[in-house]
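K.L.:
Requesting a structural model of the entry that follows:
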Amino acid sequence: MHICSPFSARSLMGTEAKVDRLTLQRTQLSDPRVGLTPDILVLLTMELLTMELILIRRRQTALREKLKGSRKNSNANLTFEYTPPEALLNSNWFQGSRSARLKYDIWSVGVVMLELMMGSPHVFQISDRTRILMDQHLGGWSEQTKELAYKLRSYMELCILVPGISSQHHGSGSPEQGQFGLASWKCSEESFAHQVKIRDPLKIGFPNLWALRLARQLLVWHPEDRLSVDEALNHPYFQEPM
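P.N.:
The predicted structure follows:
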């Protein structure tokens, strides 16, 4: 069942704003390398979910140097479902500006919103056919590298990653951008809506145009181009009748 609405999405953003403005303290910290599973996601409240996602990221950042070299805290134990591109591709992403680091959380919120909008945890899943075609070109690659390639492909299908347009906002690519992949697609609102709809088990997708645009503005390749918390809270999607 699809449970995302302007009210629940605004609660998600409201919690993000609270966490950005407050210093959260806990007497006992769980292993910062342990993430949340999709099954748990659908059971948690919006506020708890968002806080946990943000705290996991912040504990990872604060304790990264302390944990370096520990075998039991290897990458095999990390959860990458909510990890933005800059963290997937650059292990030193946290050394950037504070404003850029805060956009990590915005991406995570965008993933959660897309999960709830689709009614499925498989936001960045590619088709079996695409995977088979890719595997023909990935022979000899490690499984970890293959998984990264699959995810980058899904970013391309959703117009998050547009080959040759790396310096521009996502969604601005031309129809010809499909030549870089195994199939062609257009980076437009209509094509993005279609990609989400076909991933939705109920084939419903976005309820309206504003929901689609908010999701796209949260899931932008370059962190500096993503909406801030305040910008997201003022998005027209939240002005829709409840």
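
K.L.:
now the helices for the chain?
P.N.:
Using DSSP state H, the helices of the chain run over 6-21, 38-41, 46-67, 85-89, 98-118, 128-135, 143-157, 189-199, 209-218, 229-233.

K.L.:
which stretches of the protein have low pLDDT?
P.N.:
The chain contains residues with pLDDT under 70 at 1-79, 163-185, 240-242.

K.L.:
which ones are touching residue 85?
P.N.:
Residue 85 makes contacts with 155, 160, 161, 221, as judged by C-beta atoms under 8 Å, 6 or more residues apart in numbering. For the C-beta atoms, the positions are set from N, CA and C on the backbone; glycine is no exception.

K.L.:
switch the cut-off to 6 Å
P.N.:
Residues in contact with residue 85, defined by C-beta atoms under 6 Å, 6 or more residues apart in numbering, are residue 221.

K.L.:
Report the separation between it and residue 211.
P.N.:
Per C-beta to C-beta, to the nearest Å, residue 85 is found 22 Å from residue 211.

K.L.:
contacts for stretch 143-158?
P.N.:
Applying C-beta under 6 Å, 6+ apart, the set of residues contacting stretch 143-158 is 124, 126, 138, 161, 181, 195.

K.L.:
Tell me how many other residues surround the first one.
P.N.:
So that's residue 124. Residues within reach of residue 124, counting by other C-beta atoms under 10 Å, total 19.

K.L.:
picking up where we left off before, between the contacts of stretch 143-158, which is closest to residue 99?
P.N.:
Using C-beta to C-beta, residue 161 is the member of the contacts of stretch 143-158 that lies nearest residue 99, at 21.9 Å.

K.L.:
Burial check on the closest one, number of neighbours?
P.N.:
21.

K.L.:
any idea how far the spatially closest residue to it that is not a sequence neighbour lies from residue 210?
P.N.:
With sequence-adjacent residues excluded and distances taken as C-beta to C-beta, 6 or more residues apart in numbering, residue 161 is closest to residue 155, at 3.9 Å. The spacing between residue 155 and residue 210, counted by C-beta to C-beta, is 23 Å.

K.L.:
now swap in residue 114 and tell me
P.N.:
15 Å.

K.L.:
of these two, who's got more company?
P.N.:
residue 114 (23 against 16).

K.L.:
quick one: contacts for that one?
P.N.:
Residue 114 touches 123, 215, counting by C-beta under 6 Å, 6+ apart.

K.L.:
Grab the nearest non-local neighbour of residue 199.
P.N.:
Leaving out its chain neighbours, residue 199 is closest to residue 118 (C-beta to C-beta, 6+ apart), at 5.7 Å.

K.L.:
which ones are touching that neighbour?
P.N.:
Taking C-beta under 6 Å, 6+ apart, one finds 196, 199, 200 in contact with residue 118.

K.L.:
so the first one makes contact with residue 204?
P.N.:
No. In this structure, residue 196 sits apart from residue 204 without contact. The criterion is C-beta atoms under 6 Å, and the distance is 9.3 Å.

K.L.:
Which one's more surrounded, the two?
P.N.:
Between residue 196 and residue 204, counted using other C-beta under 10 Å, residue 196 has the larger neighbour count: 22 against 13.

K.L.:
now that one: how far from residue 124?
P.N.:
Taken as C-beta to C-beta, the span from residue 196 to residue 124 is 11 Å.
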